[in-house]
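Chemist: give me a model of this one.
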Amino acid sequence: MTVAREYLRVSQDRSGRQRSNAEQQSDNRTAWPDFTWGEHYGDAASASRYSGRHRDDFDQLIRDLEITSLGQERSRSMFGADVLVLWEASRGSRKVGEWVELLDLCEARGVRIAVTEHHRIYDPANPRDRRSLLEDAVDSEYESAKTSGRVRRSARAGAAARRPHGKVLFGYRRMYDSRTGALIGQEPHPEQAPIVRGVFRSYLGGLSFRSLARALNNGGVLTNRGNGWTLLMIRRMLTNRAYLGHRMHKGIDFGQGWEPLVDEATFEAVAKRLEATSWRKVRQTSALCSGIARCGVCRSRLEIKHSGRGNVHYGCQQGYHVYRRATDVDRWVTAAVIERLSLPDVGEQLRGREDPRVNEIRARATELRAELKEAMARWIDRELSVQAYAEMEAHLLPQITDAERELRRAVLPIAIDTPASETVPAWWDGLSVEIRQEVIAALIAAVVIQPVGKGRRQIIWNETTKIEWRR
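Modeler: Below is the predicted model:
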């Protein structure tokens, strides 16, 4: 009696039709009717070296061949069969290294390999059989490399032509040629596009990810997959340059390829607010200085700590140097912020005035991105060698990153329309906690709190608390 176990993996036959694991199994059973079949292994991920998906059952197959059962001969492992059946040789692996490991283990355990497509059983211990199997592995890896190269070139060419790619982005709909059915481009979705613009506008108005997700879900707005909105989805929307109409590929902006849903100024303002609030936890808190309060001894970020009596404190998370009631700190900081907002220059900044260098910085970033895009186009057209392109990329990418970071810092993080100086206190009282937090984050880099000192009950705020202003 010959006991066999199969390793199945979703494949495509020569006609391009996908062969499921069930179809492969049926072919195997038809080709080898005399085998007694054990439990099979099965994966859906590609065996190519270029695939990012993991193959759990292939790993289990290797482990079973490695581990010898207690009380058994050396040739009998946890694999527990005489033959490993593959629908075709590349089902095992398209990586030569993995294939060699599999052959070595099968040889050590006395396991033969049956390939249904060849209708032949190979013995890894036989040099000629081993050579045939290794040649199949080399051929499969070579074909995999060629396919990957074609896919990458096609993706780069599509990016250079600024054609849309991948899943349909919420807010857009695809346009196809009525005669050929070929993809032409994409245009704003009449119902979804206003929602996207509203999300950007509302975020600049002070709403949080949580509030925006709740508003969409309560309004019955679903994603393109028919699901509800999460905080991560909102963040991805607000950081996606495709809403500028730009085609991105591997972090490189190839320029505008379709109608934008938001303008450059709005997108940069959102990016500025995102950077200013990147420290904030998803969980909302009423503490106004959460994330910017710092220990005056070790400079660590102060955590929000809740006492048993229901009080909230800012506490040092490193050496327990500082422990200050949050309401007292927030009251002192609020007074300082209201005083600051009453100054004409600060109020004007929050009313929408940008750093005068914004246009200059934006032009430099655009010029650098264009230079990198041109280099990639020359590489695609084989006018530039791989090494030359890699050197240009290594030189330009850090400059692009620095320019974009400087641009985000120069653009205001939140669109707040402040009143005249004499009405600032009343205006502040009417703001939500979320918007107060955003205004404070826009004005203050850190609130540094020093220990009061042993035996001292009276807090001298100007001596023990310092505000480091952004503007």
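
Chemist: in a strand, Arg294, correct?
Modeler: Yes: counting by DSSP: H, G, I helix; E, B strand; the rest coil, Arg294 is found in a strand.

Chemist: chain neighbours aside, what residue packs nearest to Ile234?
Modeler: Phe209 (4.5 Å; C-beta to C-beta, 6 or more residues apart in numbering). (C-beta placed from N, C-alpha, C; glycine too.)

Chemist: tally of neighbours for the nearest residue to Ile195 once chain neighbours are set aside?
Modeler: In space, and not counting its chain neighbours, Ile195 is closest to Val221: 6.1 Å by C-beta to C-beta, 6+ apart. Val221 has 15 neighbours, counted by other C-beta atoms under 10 Å.

Chemist: related to what we said a few turns ago, got phi/psi on the residue nearest to Ile234?
Modeler: phi -60, psi -40 (degrees, to the nearest 10).

Chemist: what is the burial count for it?
Modeler: If we define neighbours as other C-beta under 10 Å, then Phe209 has 23 of them.

Chemist: may I ask you to confirm that it is in contact with Arg235?
Modeler: Yes: checked against C-beta atoms under 8 Å, the pair Phe209 and Arg235 is within contact range at 6.0 Å.

Chemist: got the contact list for the residue nearest to Ala31 when sequence neighbours are not counted?
Modeler: Leaving aside its sequence neighbours, Ala31 sits nearest to Thr116 (C-beta to C-beta, 6+ apart; 4.7 Å). Residues near Thr116 by C-beta atoms under 8 Å, 6 or more residues apart in numbering: 24, 27-28, 31-32, 85-88.

Chemist: make TSV from these and add neighbour count and distance to Leu302 to it.
Modeler: TSV is the format used below for those (neighbours: other C-beta atoms under 10 Å; distance: C-beta to C-beta, whole Å):
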residue	neighbour count	distance to Leu302
Gln24	26	60
Asp27	15	65
Asn28	21	64
Ala31	16	69
Trp32	18	69
Val85	26	63
Leu86	25	60
Trp87	26	61
Glu88	18	62
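
Chemist: any chance of the residues you listed in TSV with secondary structure, pLDDT and distance to Thr423 as columns?
Modeler: Shown next, in TSV, are the contacts of Thr116 (DSSP: H, G, I helix; E, B strand; the rest coil; pLDDT from 0 to 100; distance: C-beta to C-beta, whole Å):
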residue	secondary structure	pLDDT	distance to Thr423
Gln24	helix	88	75
Asp27	helix	90	80
Asn28	helix	91	81
Ala31	helix	92	86
Trp32	coil	93	87
Val85	strand	93	81
Leu86	strand	91	78
Trp87	coil	87	77
Glu88	coil	82	78
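
Chemist: now the residue nearest to Ala31: phi and psi?
Modeler: According to degrees, to the nearest 10, Thr116 has phi -60, psi -40.

Chemist: separation between it and Gly166?
Modeler: Using C-beta to C-beta, to the nearest Å, one obtains 35 Å as the distance from Thr116 to Gly166.
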